[in-house]
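Participant: no FASTA, just this:
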């Protein structure tokens, strides 16, 4: 967990050897990932990929998806809890910003935070 764009996904991709390490080292349990098999890495650690699905509608409607009767205050509280409130407030219409299909007008990190809320 960390701020959007801080390299969380890239770090995990390197640790799982989805990308080659070109310089330096990526250590897991003190072992360079280049010296162990992907199978042994997979036995020691797991990664959950999170490709969120957002639908066309507003940010507010997407956050309300699982609790359709949530008040605006509850939606804002949920967004704050996952660290999404600040970027939502900077969208053109805030919580009333219309999202493109699958949230195409947001970054992957922003889509993830909205889906977490």
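Facilitator: Looks like it came in fine. Only a predicted model underlies this, so the values are computations on that prediction, with no experimental measurement involved.
Participant: gap between the least confident helix or strand in the chain by mean pLDDT and the chain center?
Facilitator: Least confident helix or strand of the chain, by mean pLDDT, DSSP states H and E, is helix 38-44 with a mean of 78. Relative to its chain's centre, helix 38-44 lies at 23 Å (CA atoms, centre = their mean, to the nearest Å).
Participant: pull the residues that contact it.
Facilitator: Defining contact as CB atoms under 8 Å, 6 or more residues apart in numbering, one finds that helix 38-44 is touched by 15-17, 28-29, 33. Any C-beta I mention is one placed from the backbone N, CA and C, and that applies to glycine too.
Participant: where along the chain do the helices fall?
Facilitator: 8-15, 38-44, 59-63, 72-81, 85-89, 108-116 (DSSP state H).
Participant: what's the angle between the fourth one and helix 108-116?
Facilitator: This means helix 72-81. 130 degrees (axes from the mean of the first three to the mean of the last three CA atoms, to 10 degrees).
Participant: residues in contact with helix 72-81?
Facilitator: Contacts for helix 72-81 (CB under 8 Å, 6+ apart): 60, 63-64, 67, 70, 85, 88, 95, 113-114, 117.
Participant: buried deepest among the helices of the chain, which one?
Facilitator: helix 59-63 (a mean of 22; mean count of other CB atoms under 10 Å).
Participant: so for it, mean pLDDT?
Facilitator: Helix 59-63 shows a mean pLDDT of 95.
Participant: and that helix, how far out from the chain middle?
Facilitator: 16 Å.
Participant: ok, now stretch 13-30?
Facilitator: 21 Å.
Participant: now the terminal residues of stretch 91-102, how far apart.
Facilitator: End-to-end span of stretch 91-102 (CA to CA, to the nearest Å): 16 Å.
Participant: avg pLDDT for it?
Facilitator: Mean predicted lDDT for stretch 91-102 stands at 94.
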